Structures are given as C-alpha cells and as structure tokens.
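Participant: Using only what follows, build the 3D model:
(2 chains)
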Number of protein chains: 2
Amino acid sequence: MSWLLTEKHLTDLARGAAVLGTGGGGDPYVGRLLVREAIREYGPVTVLDPEEVADDALVIPTAQMGAPTVVFEKLPRGTEAVAALHALETHLGRKATATMPIECGGINSMIPLLVAARTGLPVVDADGMGRAFPELQMETFGVYGVPGSPMAVAGERGETTVIDTGPDNRRMEWLARGVTIRLGGVAHIAEYAMRGADVKRTAVPRTLTLALTVGRAIREARQRNTDPVPHLAEVLSATLYGHLRVLFRGKLTDVQRRTEAGFARGRAAARSFDGDHVLELEFQNENLVALVDGEPRCVVPDLVCVLDAEKAEPITTEGLRYGQRVTVVGISTPELMRTPEALAVFGPGAFGLPYAFRPVEDLVTA
Amino acid sequence: MSWLLTEKHLTDLARGAAVLGTGGGGDPYVGRLLVREAIREYGPVTVLDPEEVADDALVIPTAQMGAPTVVFEKLPRGTEAVAALHALETHLGRKATATMPIECGGINSMIPLLVAARTGLPVVDADGMGRAFPELQMETFGVYGVPGSPMAVAGERGETTVIDTGPDNRRMEWLARGVTIRLGGVAHIAEYAMRGADVKRTAVPRTLTLALTVGRAIREARQRNTDPVPHLAEVLSATLYGHLRVLFRGKLTDVQRRTEAGFARGRAAARSFDGDHVLELEFQNENLVALVDGEPRCVVPDLVCVLDAEKAEPITTEGLRYGQRVTVVGISTPELMRTPEALAVFGPGAFGLPYAFRPVEDLVTA
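Facilitator: Just a heads-up that it's a prediction; the model follows:
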C-alpha cells in the first residue's frame, strides 16, 4: 500500500492542502517549490500507509512553525527542517524510521516531504491535526497521550534548540513560540517523536492522500467546466471527512488582520450576492468560526474554507481582499477530532470563542 | 590549596559579590539564603583553585539569568540550576567534574555554590566576567575561544531547553534571553562547558576569594569604626584588581529605571556634598560608566561601585533612591579583561557608549 510521490502530484497536493489549511497553515506554494526541487535532486518520496508502519518504528514528525505573514516574506533554505530532525535524533540517541506531517493543511503538508526527499526516509500518510491549527499542543497525538517534547527547533543559521517540558504540551508551545519569535518569526521543528503503534492509535490517517484527493477533485471539475464544489462534496463523502456544506456565497466587505505574539489574528466579513445575508469569519492563523447572520454555521475543529467563487481556489487569511467573490464551505472532521478530549484541546473554547461545538452537518442541512 | 566554604563565609562573600556586581548581577541576599540552607542540609562546599583542576576535567559553569527587577520578585526553588546542569550533562553525554561561576558579582557568585552543595561537586575559584555583566557572550571564556553553547536553560516547572548556536555566543544570548523572558523573566543556566585546561587559560582566577576578601575588608573596617574605603583600597592593591579610586561623594538627585527586553536599564545622577560637582551613572543591569562634570572617570569593564557613604554597603541599581548619600568608587580590572579582544566584547562600545576605554588608574589620580 506504500506509493511513490513524484513531482506530478505536487500541484494537486498543494491545492488540497490549502483547502485543508482552512485559511492558514502557511501558503503551500513555497513548500511545493522546495519539494519539487528536492524531488528533482534526490528522487521521489515513499509514502507509507499508517497501517504499514511497524509498531516499534520511531516516527519523528517535522514541520515549519511561525506566523504565515512572516513565512511568506522569509523563504526557508530547505535544510532547516532536516536540521531539526537531526537535532532531535541526536538528543534521543536514535535514528528516525520515518517522518510524518503534524498538520495536513498548508505548507506543513509539504515540509515532511522535503525532509523525506533530502534524507531518504519515508513519510507516513497521516497527521496530528487533520487540518491546520495555530498551536503545537493542538494535536490528536497529544490529545491521546503522546508528549510533544522533547522537541527540536532549528533556525536559518544552523542554530538548534531542544525543548523538554515533560507532558506539558502547552508549555512546549509557549517556549517554542518564544524561540521562533527570536529566530525572526519562523522556524522549523521536529516534535511528537513516537512509536509506530502510537501513530496508528493517535494520528488522523491518510490525510496526505486526502489533500491529494481534494486538490484533484477541484482540478477535474475545472477541466470539465463544472462547479468544483458539488464534485468536492461527492468525493469527500467517501472519506472520513464525509460532509461538505455550502455556508455562504457572497462578496468580502471587510478584512481586519494583525500579527501579534507570533500569530496572524483577525476577522473578515462578507455580504451575500442578494444583499440579504452577512457572513463573519474569525481567524487565528486559521479560520475558526463562520457566523451567518450572527449564527454559528461551522465551528472549529470542523473546517471553514474560503474558496474563490469561480474556480474554488482556496484563499488563505493572508489572501483575503475587499471585494473578493467567495464561496465559503464547511467540512466535517473525523470522530477522532470531535471527542470531548479533542474539543478540550482544539475546540472553540480552546480559542476563547463563546460558541459550543456542533457538527457542521447538524448546523446546516445538506 | 582547596578549601571548604561554610556558612560563616557567606555574609562576607555576599557583600563582596555585591561590590563586584557593580550595581547588578542580582542581589546576592536571596542567593546567600539558598546557599545557607543547602550547606546546612548537604554540608560545606569544596572550593578548588583553578591551578588544581586537571586539564581534562569537565567544568560546567552554572548561573541564574534574568533582569534583577524580576529576580527580586520571583524566588528560585534552588533546584533549577541543578536541573540546568543535569540537562547539559545529558546532552553532552558526560558528567561534570566541577562547577564554576560565570560571573563573580551578585547572585551568580552564589548559584554555583548552591549547585555544588546539592550535587557534591567542587566549585572552581574563578569566573568568566571578573565582575557582573548583563549578557551571556560577555565572558573571558568566549573572548579567548570557548564556545558558550550547547547551553541548558531550566525553568521553575522542570522545563529544560538546550540551545546550540555553534561558535556564535551572541546568538546564544539572543535565544536564551527569549526563552528566559518566556519563563517569566528569570531562568537558570549551564553553559561554557570546558576542559580544565581552558579554565586556566580563559577564566579570571580566584574571584570567589576576591569577593570574600572585599566583603571581609568592609566588615573589618566597620568593626574598627574606620572608613572602609581606604582599607578596601589597601586590600585590593595586593590583588589583580590593584587600583581603587574614589570617584565621587555626594547625594543622589535623580534615578531613572525601566525594564525592557529582559534588562533593567537606566541612569542616575548625584550632586556632590559641596554642591559644586555632578555625577552621572549609566547602567544596563550593571553600572557601565561614571561621568563627573561630564567627563568619564571610570568606564566598563572597570568597576563602577556605588557604596553608601557611611558603611560602604554596596547599593544595586535597583536599590538607588533619591536622597541617598553615596561614595562612588572605581576599581581596576585584570589585564585579561582589558585586551582589545576583551574590550570588543564587553568594553564601552559593546554597550553603545560613546566613550573610549581608559584604565581608571589613568583617569583618576590616587
């Protein structure tokens, strides 16, 4: 069931990862270029199904960390995430058997591929967010008992930092964020080192494949000159992300965005094409909630995705502009991400939002 | 030549360390209490002359890091510096033979004693600042080629961070300061791990003994009801810190102090008792320069020490108050600290001061 990821997969994968990024996770465009160069130089990447990973394998996820606003202005060299992996391997005194994404949305679907291409390690087709989230403790890995630390943070000048906060993943996030800010707002990390058995137990499975599927569905509908959204809904219905709901169609009327404490925070508003309805979005790197006429219609961890109205191209929170014509969709998340333990870590309350979580398929009829 | 440091040494040592702290380095009072408790529990500390340390011994200096303003409000538990030592030992895969101060002024003359008492390690009678300085790269160790990293930073909740910036000690300071700020403004560290041969080559020797000598000289003069300053000058003339000059006697008229970017920065002014002269001090944690009537009279790295006019009790920059009657003295530093390489790292230019370094014994006649 393992397969080879080559250059030809990257455009679909990047588009799908941007959808799953729900506005954040960093623009995968830069990551795609880096992976393309790495694959051209080192060859294709072996993708392992999580069920194929040996129980006693050592899987070390790799990622980029930082505010998307900065990532866009500070291009990585491509060696930083490998340096983070090596720093953690050295600290653990053990070599990784494979790497894996910590999030499947945005640039972090790409960074482990870059690491895999450069090191020759396989990458596991799974992740710990099942989307993109802004903070390191927001991982199903942690929700189900895998400690994030010791973790390694690498900077662009070859600096490395190994942080150990025991079982306290929030504290790890707090310190790693501080280091990242000092490194200029973006860094590369290796964290949540775990056994293969823990991957099977705690990871959201097959999310690289999911991103590829999403990106491909949008492309295929465009090639047929049909609306990509219904086709995407159909394709998703066969996955763990079974429900897609159209939340809103309209035109952006307001965007407020600021970078503070290492995050891009803000809100956006839109008015429906008939002028009768109002959409409000709140985001912290990622879209967290969509309100229509003041009522929550899709709440984190379910996915709030802003797509351009014509081609269903995903728009990041950085890319939101006054006057854009958008389709906003909600996508349901797997049950693993909706348990009380999971919602305590990355549900609406974890972001200070005053809304209860309710599944998007219950909030909006099909 | 090794000797046992017991509880009875601590009051003189703390007073002397406060003088050598030149207004900063953290108030040794808290450190003294912690060391006293540790000695009562674990027994006295063996102090090794640097010449006694085997060339291939592994010496790991330990210290507290942070703004004195915060240290005063956030008392350490006493285990943090040991945790930093152990984290660095684990990272290096080797046990320390001894610990050592990184600075001999302020609380950091005490922290290694606390580590030594708790671990049973000896402490080397030497340090890397020969006084107190605000930043981690300001070490004779680094000036003469010992890298500061890998270094360990420990927080009060058992968190540890290992930072590796290769030979770049300024970058190490930058990242460690960021971690320290995230830890609440104060942390404990182990850094500049080095061989015994490097201790002999790069450390300022016998500065624990120096602090003890300074503190004892002030006490003895007080007990005889004589002015401690001339006695202190006489005692120092037999050490590597050969010249003491009285720079000013007067009354504080102004103090400005702020905590920013993890440092206590500010300036103070005084007027002479006869009203004819004006003193200005500038500090960043430590006093950096003393100007009398606008002319520099003692410039970093030489020591600018503010003593209360009657009992010669050292006053930290935190303790400066309007109306205090003070004697300000300058003390010369060893040649090791005045070379061009040393001045490049901790001379006036390193602090952005527009004054050239000139030895205090040349600026002020005896």
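
Participant: and the closest residue to residue A:130 other than its chain neighbours, what are its phi and psi?
Facilitator: Using Cβ to Cβ, 6 or more residues apart in numbering or on different chains and skipping residues adjacent in sequence, the residue nearest residue A:130 is residue A:204, 3.6 Å away. Backbone N, C-alpha and C define where each C-beta goes, glycine included. When quoted as degrees, to the nearest 10, the phi and psi of residue A:204 stand at phi -80, psi 120.

Participant: same check, this time on the one 4 residues further on
Facilitator: The phi and psi values for residue A:208, taken as degrees, to the nearest 10, are phi -70, psi -50.

Participant: which residues of chain A fall in helices?
Facilitator: A:10-20, A:28-42, A:68-71, A:80-92, A:111-119, A:140-143, A:169-182, A:196-202, A:207-223, A:228-236, A:340-346, A:360-363 (DSSP state H).

Participant: Figure out which of those helices is closest to residue A:265.
Facilitator: Checking the helices of chain A against residue A:265 by Cβ to Cβ gives helix A:68-71 as the closest, at 10.2 Å.

Participant: If you tally nearby residues, what's the number for residue A:113?
Facilitator: 28 (other Cβ atoms under 10 Å in any protein chain shown).

Participant: wait, I meant residue A:197
Facilitator: Quick note: residue A:197 (other Cβ under 10 Å) scores 13 neighbours.

Participant: what's the closest non-adjacent residue to it?
Facilitator: residue A:55 (4.0 Å).

Participant: got a list of what that neighbour touches?
Facilitator: Contact analysis of residue A:55 by Cβ atoms under 8 Å, 6 or more residues apart in numbering or on different chains lists A:195-197, A:200.

Participant: can you pick the most crowded of those residues?
Facilitator: So for those (other Cβ under 10 Å), the most neighbours sit at residue A:196, 21 neighbours.

Participant: what's near enough to touch that residue?
Facilitator: A:53-57, A:59, A:97.

Participant: Any chance of a PyMOL selection covering the buried ones in the residues you listed?
Facilitator: The PyMOL selection below is limited to those of those classed as buried (16 or more other Cβ atoms under 10 Å in any protein chain shown):
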select buried, chain A and resi 53+57+59+97
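
Participant: Return the distance of the nearest residue to residue A:42 once chain neighbours are set aside relative to residue A:207.
Facilitator: With sequence-adjacent residues excluded and distances taken as Cβ to Cβ, 6+ apart, residue A:42 is closest to residue A:117, at 4.6 Å. With distances taken as Cβ to Cβ, to the nearest Å, residue A:117 is found 19 Å from residue A:207.

Participant: Likewise for residue A:282?
Facilitator: From residue A:282 to residue A:207 the distance is 24 Å (Cβ to Cβ).

Participant: swap in residue A:346?
Facilitator: Taken as Cβ to Cβ, the span from residue A:346 to residue A:207 is 15 Å.

Participant: can I get the CA coordinates of stretch A:332-348 in PDB?
Facilitator: Only the C-alpha atoms of stretch A:332-348 are listed here, as PDB (Å, rounded to 0.1, in the frame of the first residue of the first chain):
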ATOM      1  CA  SER A 332     -16.900  17.800   8.800                       C
ATOM      2  CA  THR A 333     -13.900  16.300  10.600                       C
ATOM      3  CA  PRO A 334     -13.400  12.700  11.700                       C
ATOM      4  CA  GLU A 335     -14.800  11.500  15.100                       C
ATOM      5  CA  LEU A 336     -11.200  11.300  16.500                       C
ATOM      6  CA  MET A 337     -11.200  15.100  16.300                       C
ATOM      7  CA  ARG A 338     -14.600  15.600  17.900                       C
ATOM      8  CA  THR A 339     -14.300  13.700  21.200                       C
ATOM      9  CA  PRO A 340     -14.600  15.700  24.400                       C
ATOM     10  CA  GLU A 341     -10.800  15.200  25.000                       C
ATOM     11  CA  ALA A 342     -10.100  16.600  21.500                       C
ATOM     12  CA  LEU A 343     -12.500  19.500  21.800                       C
ATOM     13  CA  ALA A 344     -10.900  20.500  25.100                       C
ATOM     14  CA  VAL A 345      -7.600  21.000  23.200                       C
ATOM     15  CA  PHE A 346      -8.700  22.400  19.900                       C
ATOM     16  CA  GLY A 347     -12.500  23.100  20.100                       C
ATOM     17  CA  PRO A 348     -14.000  26.600  20.200                       C
END
